[in-house]
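**Q** Okay, here's the prediction I keep looking at, along with the sequence it came from:
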Amino acid sequence: MTDILSIQNLSVEFKTEQKSVHAVKNLNLNLKKGEVLGIVGESGSGKSVTALSIMRLLTMPPAAFSSGKILFQKNAAEIPIDLIEAPEKTLQTIRGKEIAMIFQEPMTSLNPVIKCGHQITEAIQIHQKISYKSSKELTLRLFESVKLPNPERIFNAYPHQISGGQKQRVMIAMAISCQPTILIADEPTTALDVTVQKSILELLKEIRETSGLSMIFISHDLGVIYELCDRVAVMYQGELVEEGLVQEVFQHPVHPYTKGLIACRPSLKHKLNRLPTIQQFLDNDKYDVRVINSSALEKRRNSLLDQQPLIKIESLRVKYPDKKNVFGITTSWLHSVDDVSFDIYPGETFGLAGESGCGKTTLGRSIARLTSAQAGRIFYNDVELLSLSEPEFLPYRKAIQVVFQDPYSSLNPRMTIGNAIAEPMEVHRLHGSATNRKAKTIELLETVGLSADQFNRYPHEFSGGQRQRICLARALALEPQFLVCDEMVSALDVSVQATILNLLMDLQEKFGLTYLFISHDLSVIKQMCDRLLIMKDGKQEGLGIADDLFENPPTEYVKKLIKAIPGQS
């Protein structure tokens with residue numbers, strides 16, 4: 001196979017008033033015709049900067065290509081085009097038509113005020129010079145090819161009116177609309193549940209087989225890379241540290257960073273005492289992980305189940321109006337949680353899993369009384385919470401805290417993180433004075449792995465993992481017994497995810513916390529949880545010891561969820 005794309009000694013730096021940051025350093029990579037090349041690494045490793053460099057989408061200044069070439073050669077007979085030096089007019093004929101890109105976040109990549117179908121017809125008309133009628137027909141065929149339900153409805157829908165998986169399929173349809181030679185997919189399955197992720201991966205495989213296009217697939221999920229790619233390139237701090245065939249690199253990694261990336265991903269085969277971190281492998285590439293044996297797990301479960309439940313859910317139902325008649329009267333309801341019952345014991349990590357829309361988050365919010373339940377009962381230490389008035393429930397707001405999925409939107413961007421953590425203590429009149437509350441806030445920052453000198457910084461000055469630590473510190477400010485952790489690691493790198501999961505386990509040991517751990521990632525559930533409830537369409541689909549549910553799935557739906565986890569073979 002010949003190289004269709006050749007990156008030669010590429011260096012990219014971002015210049016600021018204080019310093020220059022080298023995002024990519026002397027990178028050499030080749031993409032062959034018909035090949036899928038995976039690029040993996042943590043946030044900040046240079047993956048997306050490399051992809052944007054290929055498309056020449058980096059804004060200049062402050063970004064600057066300090067050296068190197070990116071040669072695109074569609075056919076062996078053609079003269080290679082250096083995408084770095086090519087004039088903008090040439091690039092306009094290449095972007096979208098020859099090299100297309102699926103961006104990481106479809107909601108921000110799609111124009112929110114233009115209907116989905118019209119965004120694709122626009123791209124088709126620009127590159128193919130055909131009528132609107134022909135471009136619409138082609139768009140509808142593309143929607144069918146990417147297996148979107150009811151293509152006519154999606155064509156006339158705005159991005160906010162369709163699900164995350166459907167938005168990603170619209171982005172794929174847009175990317176392949178002009179039959180490109182190279183497709184760059186930048187984290188296209190991040191934060192999608194496993195079944196939607198599997199369908200997206202199968203779709204990309206099918207497109208590759210039918211069209212023969214070459215693909216660069218960027219991800220921090222090693223399972224996805226293993227599932228889809230032929231070769232893999234591992235990047236660390238802007239440099240290429242390892243490259244080779246996927247199976248060779250994954251089975252016999254050479255660089256300590258690659259070893260750490262592979263090791264810190266939770267496994268379905270065993271449960272670890274602590275997830276290893278990349279830094280441990282960089283410090284000692286022979287670092288050995290400690291697996292918890294089955295007798296220790298059984299002993300822990302027995303000690304938990306010998307207690308009285310901390311949380312008891314009985315026949316809980318939560319519904320929302322679905323359709324209304326002309327008089328505004330609800331004619332049908334959407335049952336988000338439908339007759340769900342379970343117990344959670346003190347010190348337990350209870351898992352809650354299922355696809356997006358199954359009712360996981362609604363159930364968690366119902367326990368904290370952030371969502372109203374229409375029927376059923378919720379007990380906390382034998383106190384029925386739903387029957388309490390708001391003043392009566394106030395003490396339980398301290399005891400039950402929620403850590404939400406998106407840490408950035410959970411924090412006030414205009415409030416320093418120190419004040420954000422201290423504010424709940426002030427509302428509940430804890431620790432007497434502002435001086436004492438500040439001291440407690442600093443203690444909490446240090447508890448979650450941050451430092452006192454970060455007290456006066458704002459949320460935007462922190463990484464995603466650091467913001468999640470801040471949200472944890474804020475939840476711990478009221479000294480709760482029960483934490484609802486709602487998809488809190490779903491969009492984090494595997495290495496950052498490992499540090500947050502280890503922190504949760506440490507905090508549980510230190511403070512005796514009880515967790516409701518909500519996630520669509522079953523490998524994370526396997527690592528973290530003692531028992532597990534799997535939901536589908538608001539109903540219970542499986543309930544029991546997490547290991548037992550994985551080994552003997554009770555229903556076909558549970559089997560499908562487990563089978564959809566990429567790279568577990």
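**A** Sure thing, it's come through. Here the structure is a predicted model, which means the values were calculated and not measured.

**Q** switch to C-alpha atoms for all contacts and neighbour counts from now on
**A** OK.

**Q** what's the closest non-adjacent residue to Asp339?
**A** Distances taken as CA to CA, 6 or more residues apart in numbering place Ser315 nearest to Asp339, at 4.3 Å, with adjacent residues excluded.

**Q** swap in His118?
**A** His118's closest residue in space is Phe155 (CA to CA, 6+ apart), at 7.2 Å.

**Q** my guess is the one you found contacts Ile120, does it?
**A** No: assessed by CA atoms under 8 Å, Phe155 is found out of contact with Ile120, at 9.1 Å.

**Q** Give the residue spans of this structure that score low on pLDDT.
**A** 1, 59-63, 65, 107, 191, 285, 567-569 (pLDDT under 70).

**Q** Just the residues contacting stretch 485-499, thanks.
**A** Outside stretch 485-499, the residues that touch it by CA atoms under 8 Å, 6 or more residues apart in numbering are 42-43, 190-191, 220-221, 261, 264-265, 275-278, 361, 364, 402-407, 464-465, 468, 500, 515-521.

**Q** Tell me the gap between that stretch and the middle of its chain.
**A** 8 Å (CA atoms, centre = their mean, to the nearest Å).

**Q** same thing with stretch 292-306?
**A** 30 Å.

**Q** same deal with stretch 20-34?
**A** On CA atoms, centre = their mean, the centre of stretch 20-34 falls 25 Å from that of its chain.

**Q** Keeping just the C-alphas, turn it into CSV.
**A** C-alpha atoms of stretch 20-34 as CSV (Å, rounded to 0.1, in the frame of the first residue of the first chain):
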residue,chain,number,x,y,z
SER,A,20,5.7,29.3,23.7
VAL,A,21,4.0,25.9,24.1
HIS,A,22,5.2,23.2,21.8
ALA,A,23,2.0,21.1,21.2
VAL,A,24,3.6,18.9,18.6
LYS,A,25,7.3,18.1,18.3
ASN,A,26,9.0,16.7,15.2
LEU,A,27,6.1,14.3,14.4
ASN,A,28,6.6,11.7,11.6
LEU,A,29,3.5,9.7,10.6
ASN,A,30,2.3,8.0,7.5
LEU,A,31,-1.2,6.9,6.5
LYS,A,32,-1.6,4.3,3.8
LYS,A,33,-4.5,3.8,1.4
GLY,A,34,-7.4,1.9,2.9
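
**Q** Give me the buried positions along it.
**A** For stretch 20-34, the neighbour count (16 or more other CA atoms under 10 Å) marks His22, Ala23, Val24, Lys25, Asn26, Leu27, Asn28, Leu29, Leu31, Lys32, Lys33, Gly34 as buried.

**Q** Same check on stretch 311-331?
**A** For stretch 311-331, by 16+ other CA under 10 Å, it's Ile311, Lys312, Ile313, Leu316, Arg317, Val318, Lys319.

**Q** For that stretch, which outside residues touch it?
**A** By CA under 8 Å, 6+ apart, the residues outside stretch 311-331 that reach it are 332-345, 362, 372-382.

**Q** what about that stretch, distance to the chain center?
**A** 29 Å.

**Q** cool, stretch 504-520 as well?
**A** On the basis of CA atoms, centre = their mean, stretch 504-520 sits 20 Å off its chain's mean C-alpha point.

**Q** Distance of the residue nearest to His118 relative to Pro391?
**A** Distance, Phe155 to Pro391, using CA to CA, to the nearest Å: 49 Å.

**Q** I'd say Gln508 and Gly347 touch.
**A** Yes: taking CA under 8 Å as the definition, Gln508 is a contact partner of Gly347 at 7.1 Å.

**Q** Tell me the residues that contact both of those two, please.
**A** Thr514.

**Q** show me the contacts for Phe155.
**A** Lys115, Cys116, Gly117, His118, Leu140 are the contacts of Phe155 under CA under 8 Å, 6+ apart.

**Q** helix/strand/coil for the residue nearest to Asp339?
**A** strand (DSSP: H, G, I helix; E, B strand; the rest coil).

**Q** repeat for the one 5 residues further on
**A** Following three-state DSSP, Tyr320 is assigned to strand.

**Q** Okay then, goodbye and thanks.
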